[in-house]
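Asker: 3D model of this:
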Amino acid sequence: MSNTRQQILNLAEELIRTRGYHSFSYKDISQKLNMKNAAVHYHFPSKEALGVAIIQDSIDLFKSKEDSWHQMSPSDQLQDFISIYQKSKDRKWSCLMGALSSSVEALPEGMQNKLCEMGKYILDRLTLTLKEGLQNGEFSFNEEPRAKAELIISSLLSSLLLDRVMKENVFDSIKNSIIQSVITNN
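Answerer: Sure thing, here's the model as predicted:
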């Protein structure tokens, strides 16, 4: 991937996670990166194409962890899963799903579809981890694994939003509660 393309993706992702998808333009990107607007359009002919690429990058991040997750215990998988959200917290960002979900109906159709794909993939992956942990006795909880995965992801997502709004460390409290509610003997 070209350096310019990656710079555009990185900046646009930051803008989405800090300001929202509808709160920036290609002009904002081109000015910040000191390039012509045409350079942004060259790599991403439309803002929808840019948004889809950013969501796909997020999906690819989760998928890149698959091989290492298969080598880990479910407890370690859960910790590593949470660390993805921790990185957003450390940057004072919303997670991508949280940043885009509030205006999902106003997003272009391609982004809506890609965001739905991302949500399903993340939920499926975490559900698998939770099932494995229940089966081998590492985890103990009463909910169905899918419902627990939905609860965990919702909690992580909302804790990042609350951190930004309240300027308090909600994320760490939620992270610890998740771990205590799932991992046996923790």
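
Asker: The helix or strand of the chain with the lowest mean pLDDT packs against which elements?
Answerer: Counting by mean pLDDT, DSSP states H and E, the weakest-scoring helix or strand in the chain turns out to be helix 66-70, with a mean of 89. Using 3 or more CB pairs under 8 Å, 6 or more residues apart in numbering; DSSP states H and E as the contact criterion, the secondary-structure elements in contact with helix 66-70 are helix 74-91, helix 109-136. Using the backbone N, CA and C atoms, a C-beta is placed for each residue, glycine as well.

Asker: Could you say which one of the ones you listed comes nearest to V170?
Answerer: Smallest distance to V170 across the helices and strands packed on helix 66-70 (CB to CB): 9.2 Å, for helix 74-91.

Asker: Which positions in the closest one come out as buried?
Answerer: Buried residues in helix 74-91, counted by 16 or more other CB atoms under 10 Å: P74, S75, Q77, L78, F81, I82, Y85, Q86, S88, K89.

Asker: now stretch 16-28
Answerer: Of the residues in stretch 16-28, I16, R17, Y21, F24, Y26 count as buried by neighbour count, 16+ other CB under 10 Å.

Asker: Take that stretch, keep the C-alpha atoms, and write them as CSV.
Answerer: The C-alpha coordinates for stretch 16-28 follow below in CSV (Å, rounded to 0.1, in the frame of the first residue of the first chain):
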residue,chain,number,x,y,z
ILE,A,16,-14.0,9.5,12.2
ARG,A,17,-13.1,8.3,15.7
THR,A,18,-12.7,11.8,17.1
ARG,A,19,-15.2,14.0,15.2
GLY,A,20,-17.5,11.7,13.2
TYR,A,21,-17.8,10.7,9.6
HIS,A,22,-19.9,13.7,8.6
SER,A,23,-17.7,16.2,10.4
PHE,A,24,-14.8,16.2,7.9
SER,A,25,-14.1,16.6,4.2
TYR,A,26,-11.4,15.7,1.8
LYS,A,27,-10.3,19.3,2.1
ASP,A,28,-9.6,18.7,5.9
